[in-house]
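In: only the shape, not the letters, is given here:
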């Protein structure tokens, strides 16, 4: 090991350590790069309360959703020939399926809504985040959030198909049709075309047990809290269709709920609430912080590009230095190049 | 070192290596055709768990970093006024022209609704909070700037008759006088979008391993773009000098390699400082997939620093070349990890690129090299000694 190298290494190691320490201190505070203000629930936000303990896995919601949104049937390849391909057996949401019921299975599956030796249902579709990542990443405003109802919609005429909404969604909801030459992004838009006619979203409309319950988010939150507060096993009048919609409900015992109301705070809050009997992470509902990653990302961008001041100042400095350099180069540089090569 | 000026290399365009590259281009072209006729699933393994695959990661995220030679050299030559590096400027710029232009082309293959791509330029669709929007506009603008910066090379070669016919002398004078504005843009725009390529990942949150997810992503991506820019200039210069037997620029490259090494030290300092501050350094030794990727990546970053530590080894072409390769591999792996390998969308999704998917990227890279060869043979790009350039048109 030559002396110079040793010196360099010592210097480099020292530099890395010193710089790392110098970097580490301000990183902890990093106030300048803090997330932007969290967004709040729109005034008349509509949503859904999905009670996994009420769901019987009949998949009427999946079928009704297909019908209401004109989506084709979907089968795994092994079942494609069954009953001339008319049987829909979507395994997950996809470019052709906007909602789906999935089953949690454990051991003997003896009892519903039990983690050990049990099973449980969960519904997968868009949660209509309060501060959606898909809207934040979309470069062409194809994803929008209704300022009143808060429904997150997708406009295929604007969409360029970059799929960053698919990439960035913490719930893996938007789905691109990879098998189509002119594919588009599919996602649940909460049947906003039906809601415009005063109807209910198809899944909540057909749900026989009220496991999928439509309503204002505030009301659904209160309903969910009532169910959480009630003694498990006691009889409870569960509404169907729309909360406070006048449809007859049904009486059933309160489930053994997990204490966590999923969707209330996840990723900055969503407009869907999940009440489940088994822990949500077992049902494919990921553990997420209380803030939206969109706020982190936009906080960074708004800091760096605030009023375009930093980029403009940098540009001014660069142009000044470049001008000075090209002058000195013209004055001192080889005359030959000066004639031919002004810039390269 | 003798004074050098750019000149066309001349020689036949269609050579054996050129033809071999052409074969790969045709194979890639076949799969590109299939992608447009039958959809992406026909050629690619991308899925809704991994909607961003090797096309974006290799061609854009890594490809544009390989195209940062022009950016990195302009910073050194024009902003820090280091004129000694001037002979490396034009080839670096040409590398940037193709690196970026073909990244743009690759994006058109990857866009699921490419016929709507012009919506990016429509003000009523603009979404100014989107990092992708910033990257897209900025890259488009930079491709334009790169071609403008390179335009003098065309003008120098253009027959006088054509120049007079279209009054291009005026353009030449204009470009000469105001080029510093485009040089300013040519440094500003990559600073913006290369850092934004890091900011893009801020949306990934818990999908990205904490070893990579940090608020310092923009700075780390910017530094890594510069190191890769210098790396590419060293790689290209060494390869071209050997294959075309040009005058050696060893002294210059040795000096440049020290600049790159300094940036690598800075990168490692920020990387480890951040991990320390967030208390996540322990994950580096957790023994899982992410820790292995992190350790390989860090080794590749550290190796060039160790090699380039002594001036004697800097001057050794073989060792310097090794350091260059390691540096480029490090930057590439860092980007590949952030966008793909350290991403876990959950629920059992996995991704490995298909052969046709990779062949499209290979085809695009081959096209890039073919165009580079055509350009250096017909246009004044590479430095040659003045004495050797008698037929140099003016």
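Out: That came in fine, so what should we check first? Bear in mind that the values here come from a model prediction, so they are computed numbers and not experimental data. Numbering: from 1, shown residues only, chains lettered A, B, ... in the order given.
In: now the helices for chain B?
Out: For chain B, applying DSSP state H gives helices covering B:16-38, B:54, B:63-66, B:69-74, B:89-110, B:131-157, B:160-165, B:168-199, B:217-244, B:250-278, B:289-307, B:311-315, B:317-336, B:355-378.
In: which strands and helices lie in contact with the last one?
Out: In this structure, helix B:355-378 makes packing contacts with helix B:16-38, helix B:54, helix B:89-110, judged by 3 or more C-beta pairs under 8 Å, 6 or more residues apart in numbering or on different chains; DSSP states H and E. (Each C-beta comes from the backbone N, C-alpha and C, glycine too.)
In: residues in contact with the second one?
Out: Contacts of helix B:54 from elsewhere in the structure, counted by C-beta atoms under 8 Å, 6 or more residues apart in numbering or on different chains, are B:340, B:353, B:357, B:358, B:361.
In: what does the pLDDT read for the fourth one?
Out: According to the predicted model, the pLDDT of residue B:358 comes to 96.
In: check contacts around it.
Out: Counting by C-beta under 8 Å, 6+ apart, the residues that residue B:358 touches are residue B:54.
In: and what of residue B:264?
Out: B:227, B:301, B:304, B:305, B:327, B:330.
In: what's the burial count for the residue nearest to it when sequence neighbours are not counted?
Out: In space, and not counting its chain neighbours, residue B:264 is closest to residue B:305: 5.1 Å by C-beta to C-beta, 6 or more residues apart in numbering or on different chains. Number of residues near residue B:305 (other C-beta atoms under 10 Å in any protein chain shown) recorded here: 24.
In: check contacts around residue B:91.
Out: Residues near residue B:91 by C-beta under 8 Å, 6+ apart: B:69, B:233, B:236, B:237, B:240, B:376, B:381, B:382, B:383.
In: so which of these is the closest to chain A?
Out: Among the contacts of residue B:91, residue B:381 lies closest to chain A (C-beta to the nearest C-beta), at 8.6 Å.
In: wait, the closest one sits on residue B:5?
Out: No - checked against C-beta atoms under 8 Å, the pair residue B:381 and residue B:5 is beyond contact range at 11.0 Å.
In: the more surrounded of the two?
Out: residue B:381 (24 against 21).
In: kindly state the pLDDT recorded for the one residue in the stretch 51-200 of chain A that gets nearest to chain B?
Out: Nearest residue of the stretch 51-200 of chain A to chain B: residue A:161, at 2.4 Å (C-beta to the nearest C-beta). pLDDT for residue A:161: 96.
In: got phi/psi on it?
Out: Dihedral angles of residue A:161 (phi, psi; degrees, to the nearest 10) stand at phi 80, psi 30.
In: report pLDDT for the closest residue in space to it that isn't next to it in sequence.
Out: Distances taken as C-beta to C-beta, 6+ apart place residue B:112 nearest to residue A:161, at 2.4 Å, with adjacent residues excluded. Looking at residue B:112, its pLDDT reads 95.
In: neighbours of the closest residue to chain A within the stretch 101-250 of chain B, how many?
Out: Residue of the stretch 101-250 of chain B nearest chain A, by C-beta to the nearest C-beta: residue B:112 (2.4 Å). If you count neighbours by other C-beta under 10 Å, residue B:112 ends up with 23.
In: again, but for residue A:311
Out: Neighbours of residue A:311 (other C-beta under 10 Å): 17.
In: quick one, what contacts it?
Out: Residue A:311 neighbours (C-beta under 8 Å, 6+ apart): A:305, B:188, B:192.
In: so, low pLDDT: which residues of chain B?
Out: Residue ranges of chain B with pLDDT under 70: B:1-4, B:384-394.
In: pLDDT at residue A:324, what is it?
Out: Looking at residue A:324, its pLDDT stands at 88.
In: how much space is there between it and chain B?
Out: 7 Å (C-beta to the nearest C-beta, to the nearest Å).
In: the stretch 51-200 of chain A against chain B: which residues are in contact?
Out: A:92, A:94-95, A:133, A:135-142, A:156-164, A:166-168, A:170, A:172, A:174-185 (C-beta under 8 Å from any C-beta of the partner chain).
In: residues contacting residue 282?
Out: Assuming you mean chain A. Contacts for residue A:282 (C-beta under 8 Å, 6+ apart) come out as A:104, A:115, A:120.
In: spell out, range by range, the helices that occur in the stretch 201-344 of chain A.
Out: A:202-206, A:217-229, A:293-304, A:309-332, A:335-340 (DSSP state H, counting those that start in this stretch).
In: pull the number of nearby residues for residue A:233.
Out: Residues near residue A:233, counting by other C-beta under 10 Å, number 10.
In: correction: residue A:161
Out: Using other C-beta under 10 Å, residue A:161 has 22 other residues around it.
In: alright, that wraps it up for me.
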